[in-house]
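Q: Got a predicted model here, sequence first, then my questions.
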Amino acid sequence: MGLKRSFLILGLTLMVCGCSATTMTTTSMGADGARETKTYSKYYSSVDWVIDGKVGLEIWIDHEKKVGPLYSLQRSLGMLGPSDLYARGIVTGYFVNLDESSKNISDFQIVYGRSNQRLVIEGDSELAGRSVMRVLPGSMEISNYGTRIDLKAEFSVDGVAYSIPLTANRLTDKEMNGIRASFPWFQDPYYPFDPPLSQNF
């Protein structure tokens, strides 16, 4: 009797706690008839120069979706509800300053193109010379099965306003391997960093 009760409690606990579904696998047919399978990670990213050769911006979004322990079975039986179409996107920005002088970053916000939702960070931040600074605007609702997110980053650098449209693409497991090496500030003539960049996290 005690063993049955223990299994019942364990099962109920698993159903309440659930788990996380953060990756996605797709299969498509190529022009040559061969099947191609892609496994997407939980990460979206987009990068662009703010000031060419001096200040860069990285936007990273973490895909977060809480699901129950029977999620795979429900999906295979087509028993998932409308809430399965949506997930949370945790947004993080990184400013990279390759210049020797510090920059003042103010009025930073991310505008989500689909809903025009704004994630705003109040106040100013000092981006030291030769440094990387992380900013955490917050989270937003995204598609659970999407592979790109259209955004706009708005902010001021030393009082000059910028509005940069960005498309954050969901990275495959293969793309995640050494992804930062493809960013412009990790290439010649900017990399290897000399002197090294300090981190302001």
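A: Happy to help now that I have it.
Q: Okay, helices next: where are they in the protein?
A: For the chain, helices defined by DSSP state H occupy the ranges 2-17, 71-76, 173-176.
Q: Out of those, which gets the lowest mean score?
A: Per-segment mean pLDDT for the helices of the chain reaches its minimum on helix 2-17, at a mean of 41.
Q: what about the chain, any weak spots by pLDDT?
A: Scanning the chain for pLDDT under 70 picks out 1-21, 67-83, 114.
Q: how much space between the nearest residue to Asn169 once chain neighbours are set aside and Tyr44?
A: Closest residue in space to Asn169, ignoring its immediate chain neighbours: Arg148 at 5.2 Å, by C-beta to C-beta, 6 or more residues apart in numbering. In this view, the C-beta of every residue, glycine as well, is placed from N, C-alpha and C. The gap separating Arg148 from Tyr44 is 7 Å, by C-beta to C-beta, to the nearest Å.
Q: what's the overlap in contacts for these two?
A: 168-170 (C-beta atoms under 8 Å, 6 or more residues apart in numbering).
Q: Can you add distance to Leu127 and neighbour count and give these back as JSON lines?
A: Shown next, in JSON lines, are the shared contacts of Arg148 and Tyr44 (distance: C-beta to C-beta, whole Å; neighbours: other C-beta atoms under 10 Å):
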{"residue": "Ala168", "distance to Leu127": "21", "neighbour count": "24"}
{"residue": "Asn169", "distance to Leu127": "25", "neighbour count": "16"}
{"residue": "Arg170", "distance to Leu127": "28", "neighbour count": "23"}
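Q: Adding distance to Gly159, write those out as TSV.
A: Shown next, in TSV, are these (distance: C-beta to C-beta, whole Å):
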residue	distance to Gly159
Ala168	27
Asn169	32
Arg170	35
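Q: Out of the residues you listed, the closest to Ile179 would be?
A: Asn169 (10.5 Å; C-beta to C-beta).
Q: follow-up on the earlier one: now, the shared contacts of Arg148 and Tyr44 that are in strands?
A: Secondary structure from DSSP state E places 168-170 of these in strands.
Q: just those residues now: which is nearest Ser156?
A: Checking those against Ser156 with C-beta to C-beta, the nearest one is Ala168 at 21.8 Å.
Q: how about the strands in the protein?
A: Under DSSP E, the chain gives strands at 19-20, 24-29, 35-51, 55-64, 66-67, 86-97, 103-112, 117-120, 124-127, 131-143, 148-157, 160-172, 198-200.
Q: can these go into TSV with extra columns for distance to Gln187?
A: Listed next are those as TSV, based on distance: least, C-beta to C-beta, whole Å:
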stretch	distance to Gln187
strand 19-20	34
strand 24-29	29
strand 35-51	12
strand 55-64	11
strand 66-67	38
strand 86-97	12
strand 103-112	21
strand 117-120	29
strand 124-127	21
strand 131-143	16
strand 148-157	22
strand 160-172	18
strand 198-200	20
